[in-house]
Every structure is written in structure tokens, then in C-alpha cells.
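Visitor: Quick one, what's the 3D model for this:
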Amino acid sequence: DLAMTQQVVADAESVLSAVSSDCQTKSADFQQSQAGRTAELQALAEAKRIIGENTGNAADRAYGMIQTDAISRAPSKIVQALKQVGAANKDVAMTQLALRVEAAMQMGTTSADVFAKVRGMIQEMIDKLISQAAEEADHKAWCDKEMADSQAKIEDHQATLDKLQSRTDKAQAAIAQLTESVAAAQ
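Guide: The predicted structure follows:
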């Protein structure tokens, strides 16, 4: 029983070690992606602010020909701002967003709401980042649960091992006492 329990404990410790290293890696990745995601969300908020400033919240207003022409020149400033934010954060996704915004601006300048596609793309990016954060949080919760379960199993096996070790010690003491009794009787 003792040997079998020791083997179970050794197996449980190796599983705990593997799960622990995996969870620590995932935790570090989670922290890093959270930091990156926070920076991306800040950059997107900044881009939305710049768009709002340059358009004067154009979606809520009706414009004449002269005003529409002034707004149509604003996209280059917005694209430049997005590119700068992407370059500053060394973020490929932000740079790609800037390119997509630029392409949308070139294709959609004749529509009534020039910035609808831009707002849509930014909102899609924000939604994507939020869903990724939720997935990673779920995985982290699973890792934490598995670590707790593994730790509980190890503690249970350790208690069994301690109990069997005390039984072994008690039996060895009885053997030693009986050996002395036999020697004295002989």
C-alpha cells in the first residue's frame, strides 16, 4: 500500500508540476495580452476621439456642399493619427486598421456618412478585443480550478502517505520489540 501510494503521490506531483507550469505560462501570457489589449483599447479610444474632433460628430448633422468637402479632407488626418498610434505601440492590428480605414475612406467618400465604416471597423476591433479577453479569463479560471483540484489531491495523497508511513513505523517498532523479546526468551 505504501509503495502504491508513493507512486500515486509521485504521479500526482508530476501532473501538478505540468499543470502548474502550463498555468503559469498561461497566466503570464494573459497578463501580457491584457496589457496589450488595454493599450489597443486606449489607442482605439484615441482614434475615436480624433475622428469625433475632425468630423464634429458628422453623423448627427446635415451638411451643405462646402461643409461636406471640408469633412472629406479630414480622413487623411484620421488615417495619419491611426498610423501614428499603431507605430507608437508597434501594433500590427492598429496599423492594419489604419490601412482598412484608409481604403474605406477612398471607397466610401460619396456616401452620406463618410465615417460609418470607420466607426464600424473600430467597434468590430473593440468587440474582438473584448471577446478575446473574456476567452482568456475563462481559460485562466479553468487553470486556477485545475491547480486547486490538483493541490487538493496531492494533499489527500500526502495525508494517506503519512498515515501509511506511521503504520510502517509502528510495525517496525513492534518487530524490533518482538525481536528483543525473542532474543531474551532464547
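
Visitor: alpha carbons only for contacts and neighbour counts from here, please
Guide: OK.

Visitor: Kindly provide the distance from the most centrally placed residue in the chain to Ala159.
Guide: By CA atoms, centre = their mean, the chain has its centre lying nearest to Phe30, at 3.1 Å. Phe30 is 34 Å from Ala159, where distance means CA to CA, to the nearest Å.

Visitor: what does Leu99 give?
Guide: As judged by CA to CA, Leu99 and Ala159 stand 61 Å apart.

Visitor: Give me the more crowded residue out of the two.
Guide: Leu99 (16 against 12; other CA atoms under 10 Å).

Visitor: what's the pLDDT at that one?
Guide: Leu99 carries a pLDDT score of 72 in this model.

Visitor: Which of the helices or strands spans it?
Guide: Of the helices and strands defined by DSSP states H and E, Leu99 is found in helix 92-107.

Visitor: do the same with Ala184
Guide: Going by DSSP H and E, Ala184 is part of helix 116-185.

Visitor: Same check on Asp22?
Guide: With DSSP H and E as the test, Asp22 turns up in helix 2-55.

Visitor: who are the neighbours of that helix, in terms of helices and strands?
Guide: helix 74-89, helix 116-185 (3 or more CA pairs under 8 Å, 6 or more residues apart in numbering; DSSP states H and E).

Visitor: so it versus helix 116-185, what angle?
Guide: Calculated by axes from the mean of the first three to the mean of the last three CA atoms, to 10 degrees, helix 2-55 forms an angle of 160 degrees with helix 116-185.

Visitor: distance between stretch 4-13 and the chain's centre?
Guide: Centroid separation between stretch 4-13 and its chain, computed with CA atoms, centre = their mean, to the nearest Å, is 32 Å.

Visitor: where in this protein is pLDDT low?
Guide: Scanning the chain for pLDDT under 70 picks out 54-91, 94, 98, 104-115.

Visitor: ok, back up a step: verify the stated contact: the residue nearest to the centre of the chain with Glu136.
Guide: Yes. Contact criterion CA atoms under 8 Å: Phe30 and Glu136 qualify, at 6.4 Å.

Visitor: Next, the residues that contact stretch 164-183 from outside, please.
Guide: For stretch 164-183, the external contacting residues (CA atoms under 8 Å, 6 or more residues apart in numbering) are 1-2.

Visitor: and if you look at stretch 133-153?
Guide: Contacts of stretch 133-153 (CA under 8 Å, 6+ apart): 12, 15-16, 19-20, 23, 26-27, 30, 34, 37.
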